[in-house]
Each structure stands twice: as structure tokens, then as C-alpha cells.
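Undergrad: Requesting a structural model of the entry that follows:
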Amino acid sequence: MLLRVLGTAAGGGLPQWNCACPGCSGARAHPRRRRRHASLAVQAAEGRWYLINATPDIGDQIEEFPELRPGPGPRQTPVAGVLLTDAELDHTLGLARLREADSLRILCTAQVRTALLDGLRLGAALTPYVRLDWRRIGGRDGSLAVDSPLAVSAIPVSGKRPRYAADVPAARGGDDGWVVALRLHDHTTGRSLVYAPALAAWPDAFQDAVAEADCVIVDGTFWAEEEPLDRGFSTRTASAMGHLPIDGPDGTARRLARLPGRRLYTHLNNTNPLTDPTAPQHKRLEAQGIEVAADGMVIEL
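TA: Next comes the predicted model:
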């Protein structure tokens with residue numbers, strides 16, 4: 001299994017256009033600290049890649065990775081489709097950037113599809129330009145593609161809806177599919193990856209998946225539970241915003257430290273001290289064998 005980390009920032013990116021917090025100011029002063037919105041590319045077969053989430057940075061993310069660039073035909077692209085973990089804007093706005101395709105395959109849960117079609121009206125906006133090929137994650141045998149050794153499944157980790165879909169009637173299945181972690185399993189090697197850029201809970205099914213995974217990339221939006229309150233941009237805690245914090249007695253770092261595979265954080269908010277590579281929090285994670293994912297990182301399993 002071959003993966004490329006396309007981005008590692010939470011909504012707004014780093015720097016965020018209207019923010020002068022220490023994290024954003026530091027990224028402007030030191031361009032190497034800049035982070036694009038969190039996304040992955042996974043190779044499904046030779047010359048065929050799927051994007052995990054379609055961010056507002058999708059055009060630049062494709063151009064920065066030669067394996068995703070078009071060719072040799074004038075409109076021949078290796079991008080075979082998009083997998084969605086949720087329907088949040090920072091994970092779906094990039095779908096509009098892909099409208100030049102003849103068809104666009106989108107794999108997601110029923111709840112995410114309902115949000116995009118009924119809440120965001122994505123179908124009405126895009127079908128005049130591109131044929132949308134909707135597929136359910138984990139359908140049939142879970143295979144990502146007919147000629148691919150990869151299988152994908154979804155693990156519900158949050159019932160949080162995007163704000164624009166607050167009043168959208170729930171799809172069949174209730175709230176279980178609004179936010180999911182993705183498990184990718186390679187039948188050829190037997191190795192697996194779990195990707196969860198938004199994590200509001202740590203259910204038993206998720207624990208079972210990460211305990212067996214060779215690589216886990218999870219939500220690192222906030223370092224501390226009170227961070228949104230302390231930084232003055234929200235009246236809610238990290239957990240109330242749908243993101244388990246990294247630090248603290250109930251933080252995810254304690255759970256990750258007990259896992260056997262490779263462990264990384266992604267989806268960093270601009271308030272997170274981990275956006276500063278000199279912050280002491282990095283050494284605390286390193287002591288537990290935990291990494292912070294970097295834009296452009298290549299992972300081979």
C-alpha cells in the first residue's frame with residue numbers, strides 16, 4: 001500500500017487567511033510551517049489513485065505530487081475517485097474543482113451523500129458539468145476497485161453534522177455515518193491503515209481496528225481540551241467541537257502510545273502548538289513513539 005500525505009491542516013489551513021494568531025503568523029514568517037488542508041492519496045492500482053477527502057487545496061495538492069498529474073493523454077488522469085470521511089466543507093469543497101472530469105466517482109456513507117445533495121446542493125451544482133458516480137463505502141466486497149488489492153470500510157466515530165446540514169433529514173442508518181474513520185486493507189500484503197482526521201469518540205470498533213493496524217493517522221486538531229476557549233475563538237471545548245484532544249488524562253496520545261503500529265497526527269488547527277516545529281510538545285510525543293504527519297510525506301505499507 002502506497003500513500004501520499006497531501007495535507008495536514010484543519011479547516012482554514014495554515015496560515016488561515018483572516019487569522020494572525022501565533023500559529024498563522026509563524027507560518028507566514030516561516031513558509032516551511034505552512035500546511036494544506038488534511039488529505040491523503042492512496043494508490044489503488046498501477047497508475048490509479050484515490051483521494052481521501054477533497055479539500056479546497058485539491059488543485060495544488062495534485063500538482064505537487066507528480067503521480068497525480070495528468071497524462072500521457074491530454075485528459076488522462078490517474079485520479080480514479082474520492083473517498084470521504086465526512087461532509088464538512090474543508091473535506092468536500094474540492095469536489096467542485098474536479099468538475100472538468102467526464103465522471104467523478106465519490107465513495108461515502110449515506111449520511112454524507114444526503115448532506116451533500118440535500119444540504120449543499122452539490123448535485124444540482126455539478127451535474128451540468130460532470131457525471132457523479134456515487135458509491136457506498138464498503139459496498140459489495142469492500143474492494144476499492146475491480147483491479148485493486150485494497151478494500152475499504154467505514155467505522156462511525158461521530159454523529160456531528162456539518163452546520164449547513166443541521167436540518168437535513170437523516171438518511172437511513174440515523175447518525176452513525178456522519179463522520180467515519182476509514183480502514184484500508186491490502187489483501188496482497190495483509191497490511192492495513194486507519195485514517196481518522198475527525199474523531200469525536202473512540203468506540204470499540206475503532207479500537208479494534210487501530211489495534212490491528214500497521215499505521216494509524218488520527219485527529220490532532222487540538223492539543224488540549226480547553227484550547228478553543230483559551231484561544232478565544234470558540235465557546236466550546238475541543239470535544240464539544242467534535243475533536244478529541246491530544247493531551248490530558250482522556251487524550252488520544254495515551255491511547256496511541258499503547259498501539260503497536262506506526263502512529264501519526266494530522267488535521268492540526270492553527271492554535272495547536274504542534275504547528276511550531278520547535279514546540280516542546282513534539283518531544284513529548286516522540287517519547288511515546290508518536291509522529292506528527294507532514295505535508296508531502298510518503299508512507300509505504
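Undergrad: Next, the buried residues of the helix or strand of the chain with the lowest mean pLDDT.
TA: Ranked by mean pLDDT, DSSP states H and E, the weakest helix or strand in the chain is helix 227-230, scoring a mean of 90. By 16 or more other Cβ atoms under 10 Å, the buried positions in helix 227-230 come out as 227-228. All C-beta atoms are positioned from the backbone trio N, CA, C, and that covers glycine.
Undergrad: Touching that helix from outside, list them.
TA: Under the contact criterion Cβ atoms under 8 Å, 6 or more residues apart in numbering, helix 227-230 has outside partners 222, 224, 234-238, 241, 245, 269, 271-272.
Undergrad: Select, from these, the two members most distant in space.
TA: 235 and 272 (18.8 Å; Cβ to Cβ).
Undergrad: With neighbour numbers in mind, choose between those two.
TA: Comparing residue 235 with residue 272 by other Cβ atoms under 10 Å, the one with more neighbours is residue 272, at 27 against 8.
Undergrad: With residue 56 as the reference, measure out to the more buried one.
TA: Distance, residue 272 to residue 56, using Cβ to Cβ, to the nearest Å: 19 Å.
Undergrad: for residue 84, same thing?
TA: Applying Cβ to Cβ to residue 84 and residue 56 gives a distance of 14 Å.
Undergrad: the more surrounded of the two?
TA: Under the criterion of other Cβ under 10 Å, the comparison of residue 84 against residue 56 puts residue 84 first, with 25 against 21.
Undergrad: How about the contacts made by residue 290?
TA: Shown in contact with residue 290 (Cβ under 8 Å, 6+ apart): 253, 256-257, 263-265.
Undergrad: ok, now with 7 Å
TA: 253, 256-257, 263, 265 (Cβ atoms under 7 Å, 6 or more residues apart in numbering).
Undergrad: What segments of the stretch 1-150 of the chain are strands?
TA: Along the stretch 1-150 of the chain, counting by DSSP state E, counting those that start in this stretch, strands occupy 2-7, 39-45, 48-52, 79-83, 103-108, 131-136, 150-158.
Undergrad: mind checking which of these is nearest residue 276?
TA: With Cβ to Cβ as the criterion, residue 276 lies closest to strand 2-7 of the strands of the stretch 1-150 of the chain, at 17.9 Å.
Undergrad: got the buried residues for that closest one?
TA: 3-7.
Undergrad: From residue 90, how far off is residue 9?
TA: 9 Å.
Undergrad: Revised request: answer the last question for residue 67.
TA: Applying Cβ to Cβ, the value for residue 67 to residue 90 is 23 Å.
Undergrad: list the contacts for residue 251?
TA: Here residue 251 is in contact with residue 245 (Cβ under 7 Å, 6+ apart).
Undergrad: Mind doing that once more with 10 Å?
TA: Applying Cβ atoms under 10 Å, 6 or more residues apart in numbering, we find residue 251 in contact with 222-225, 238, 244-245.
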